[in-house]
Every structure is written in structure tokens, then in C-alpha cells.
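In: I'll drop the sequence and a predicted model, then ask my questions.
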Amino acid sequence: MNINAVFQGGGVKGIALAGAVSAIERLGYGIHQVAGTSSGAIVASLVAAGYRADEMRTIIEGTPFTEFLQRAPIFNTKVIGPLSRLFLKKGLYSGEALEHWIYQLLLAKGIRTFGDLKSNQLRIVASDISGRKLLVLPDDIAQYGVDPKRFLIAKAVRMSTSIPYFFDPVVIRKKTNLPRKRGEKFADQFVYIVDGGLLSNFPLWLFDNDDPTKVDSLTPTIGFQLVGRGTGKPNTIFGPVSMLRALFSTMLDAHDDYYIQEHNRFRSVKIPTHGIGVTDFDLTPEQSVELFESGMKSTMAFFGKWKFTDYKHHYLTHVCRVTPKPEEPPQKKSLT
């Protein structure tokens, strides 16, 4: 059986999502369509490109994630440097290293743009803070005069993973052939896009179809949620930079601990993250393994109790908003 997989964002905790993919493979399920936010977008893009869980595990174990925290030496001056960078670039670190990393991984599978994949195979969530709206990529990039099929997947991933104030926002300029609004200024042509987790960190709704007549032929959607609030320790604030770190780590950790409503529990795998925080890029190898194993074990446990018949019942009730008819008991045959 195939499923649609939706991966929640959670910074470096996304390593656990690769463990979930490992369990899916072991259980014999295929992945039809895939979506994700932030670190979930990274895993989703690798799955769509054809990476298997063992390959992702090798990549994770061989990647020093601290290398993504790049900035010019001039901005490393204590306090003044980071604050200057925030003022000029609007982020403590550039996201270019992460974008290049995912670009090379996708290229190794012969994948560059969304046009290299099947239609609607991959969807990535980002936040347009200029227009104050949610973006589902690649389709919504057309609003800015960009061809969705020619849009780089790595650029979409970078958009979705640009944690506010931590990584630079992705700035795009609207195509000049688009009609301009009356009185629009030059600065209005630029759009700032950041982490999709601001608006939808767990987009389970992406593949929903509320037509009850199609429930028997639907591909079930399963979401993989990272649960656990940060390191369990209070944020130590001793200056403006540490305050910004505390601000966005609290914001995103709160997303990860957000109570999943009862009507989505039937399709949500909850993965404990053992106190590891969103921006703990200095993970030890042991912590990486612990996250991976957590994702695998939680997914195995979920599917150990999962039945497609139960899924359809809950889907009709909570997504299609209809009351399924109870099955009639078999009629006894008359002896006369």
C-alpha cells in the first residue's frame, strides 16, 4: 500500500523523520506524495528524489551540521558582529550553506527543479512575511512570476528552513512583467520569505479531499510529528543576541508541542525528541542516533495498530464531515 507522508518541522530534530522513513520501508509501505515544513521539507525532498532511509542515515551521520552556521569573519566580533549582521542581513547566519548542501544531494539523484519530479509529488510550505500569507511550493511561486516547474527545490527548502532571525530570509524580486499596483514603490517589488513553521508547521491538510464518494480509493495521509519541548532547560538570556535565540527557539518548540486535535490523532505519528532543541546544531553522534531510532520505533508502533478500515471511518467523520453508516449484520437465511 502507498501512503502520503507529511513531515513536521523541528530544526535539527528532523533527523528523527529519517528514522520514520526507515520504518515505512521496513513495513513495506510506499510513499506516493510527500510534503514538509522546515526540516520536514528537507526529508520530504530527499524522499521525493529517491533517497532511501539507509542513505539518509549515512548522510546524517556524515554531516557536521555546525557548518550550516556560516557568516563572514567580520560579523564574528563579540556582540557587535552578530547584531550588525542582523541589522544588515536580517539573520545571524546565511542559509547558503544549507541550500548548497541540499542542492548537491538532489543533483546526485538527477533532480534539480520541481519539473524533474512527478506533478504534485512534493509540496513544501513557506511563509511570505511581506504579503502575510502561507505559500505551498512550487505552485504558489507563480504569484511572483516564476515558473513552478523550473523552480529549484533547494531554493524552496531554504525558504522553508529560514528560521526568523537565525537564518537570513530569502528575498525574491517579483518579475517585472507582472502588473504593478497603483502607487507601488520599488521596495514593494521585493518579497521576504521565511520558515513555513510560522504559519503551518504540520500541514496535514495538504492532501485532503472532502468528497466522501472517493474515500474508498484515497491514498491515506500520515503525518509525522516531532514532540518534546527543547532541552527542558530555561533559556539563559544575557544580551540581545541570546534573547533572539530564546525568542525563536521558544516559538518553534511551542509549535512542536502544540496539541494535535483529536480529529487528527488517527493519522499522526508522534515522535519523542528527547529534549533536543530546534537549533542544537552541535549534536553528538549519539544524539543523532537516538533521534533516528526514536523516529523508527514510534512509526513501527503506530502502524502496528493501524488499519485502513479504521482510517476511512475517521476520515469520513473528521475530514469529510459525514457520519459513516454502521455495517448491517448479515441476514439470516430462511429455512422455509
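Out: Sure thing, it's come through.
In: low-confidence ranges in the stretch 51-200 of the chain?
Out: 64-66, 68-89, 91-92, 176-187 (pLDDT under 70).
In: ok, which stretches of it are helices?
Out: In the stretch 51-200 of the chain, the helices defined using DSSP state H, counting those that start in this stretch lie at 53-61, 80-89, 96-107, 153-161.
In: Pipe those helices into a markdown table and attach mean neighbour count per row.
Out: (C-beta placed from N, C-alpha, C; glycine too.) Formatted as a markdown table, the helices of the stretch 51-200 of the chain follow (neighbours: other CB atoms under 10 Å):
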| stretch | mean neighbour count |
| --- | --- |
| helix 53-61 | 16 |
| helix 80-89 | 15 |
| helix 96-107 | 18 |
| helix 153-161 | 27 |
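In: Can you say which of the ones you listed is nearest to Gly28?
Out: helix 53-61 (13.1 Å; CB to CB).
In: can you redo the helices of the stretch 51-200 of the chain as JSON lines with distance to Arg267?
Out: Listed next are those as JSON lines, based on distance: least, CB to CB, whole Å:
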{"stretch": "helix 53-61", "distance to Arg267": "21"}
{"stretch": "helix 80-89", "distance to Arg267": "39"}
{"stretch": "helix 96-107", "distance to Arg267": "27"}
{"stretch": "helix 153-161", "distance to Arg267": "22"}
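In: and the nearest residue to Ile15 once chain neighbours are set aside, what is it in contact with?
Out: Once flanking residues are discounted, Ile15 sits nearest to Leu291: 4.2 Å by CB to CB, 6 or more residues apart in numbering. By CB atoms under 8 Å, 6 or more residues apart in numbering, the contact set of Leu291 is 13, 15-16, 19, 273-274, 276, 283.
In: which helix of this structure spans the most residues?
Out: For the chain, the helix that runs over the most residues, judged by DSSP state H, is helix 285-305.
In: Pull out the buried residues from that helix.
Out: Neighbour counts over helix 285-305 (16 or more other CB atoms under 10 Å) mark 287-292, 294-300, 302-303 as buried.
In: tell me the mean pLDDT over that helix?
Out: Helix 285-305 carries an average pLDDT of 93.
In: Use 571 as the first number from now on
Out: In the new numbering, first residue 571, that becomes helix 855-875.
In: In CSV, list the C-alpha atoms belonging to that helix.
Out: Output of helix 855-875 as CSV, limited to C-alpha atoms (Å, rounded to 0.1, in the frame of the first residue of the first chain):
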residue,chain,number,x,y,z
PRO,A,855,26.7,11.3,17.1
GLU,A,856,24.9,9.6,20.0
GLN,A,857,22.1,12.1,19.9
SER,A,858,21.7,11.8,16.1
VAL,A,859,21.3,8.0,16.5
GLU,A,860,18.9,8.5,19.4
LEU,A,861,16.7,10.7,17.3
PHE,A,862,16.8,8.4,14.3
GLU,A,863,15.9,5.4,16.5
SER,A,864,13.1,7.3,18.1
GLY,A,865,11.5,8.1,14.7
MET,A,866,11.8,4.4,13.6
LYS,A,867,10.4,2.9,16.8
SER,A,868,7.5,5.4,17.1
THR,A,869,6.4,4.7,13.5
MET,A,870,6.6,1.0,13.9
ALA,A,871,4.4,1.2,17.0
PHE,A,872,1.9,3.4,15.2
PHE,A,873,1.5,1.1,12.2
GLY,A,874,1.4,-1.9,14.5
LYS,A,875,-2.1,-0.8,15.5
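In: Spell out, range by range, the strands that occur in the stretch 721-870 of the chain.
Out: All strands of the stretch 721-870 of the chain, identified by DSSP state E, counting those that start in this stretch, fall at 735-737, 740-743, 760-765, 791-797, 838-842.
In: can you tell me which of these comes nearest to Val785?
Out: Evaluated over those, closeness to Val785 peaks at strand 791-797, with 12.2 Å, by CB to CB.
In: beta partners of Val741?
Out: Tyr762 (DSSP bridges).
In: do Phe737 as well
Out: Beta-bridge partners of Phe737, counted by DSSP bridges, are Tyr663.
In: which one of the buried residues of helix 855-875 sits closest to Pro790?
Out: Looking across these and measuring by CB to CB, the closest to Pro790 is Phe873, at 10.9 Å.
In: List the contacts of the spatially closest residue to that closest one that is not a sequence neighbour.
Out: Closest residue in space to Phe873, ignoring its immediate chain neighbours: Leu597 at 5.4 Å, by CB to CB, 6+ apart. By CB under 8 Å, 6+ apart, Leu597 lies in contact with 869-870, 873.
In: what's the answer for Gln691, then?
Out: Neighbouring residues of Gln691 by CB under 8 Å, 6+ apart: 603-604, 618.
In: from those, which ones fall inside strands?
Out: Among the contacts of Gln691, the members found in strands (DSSP state E) are 603-604.
In: Alright, that wraps it up for me.
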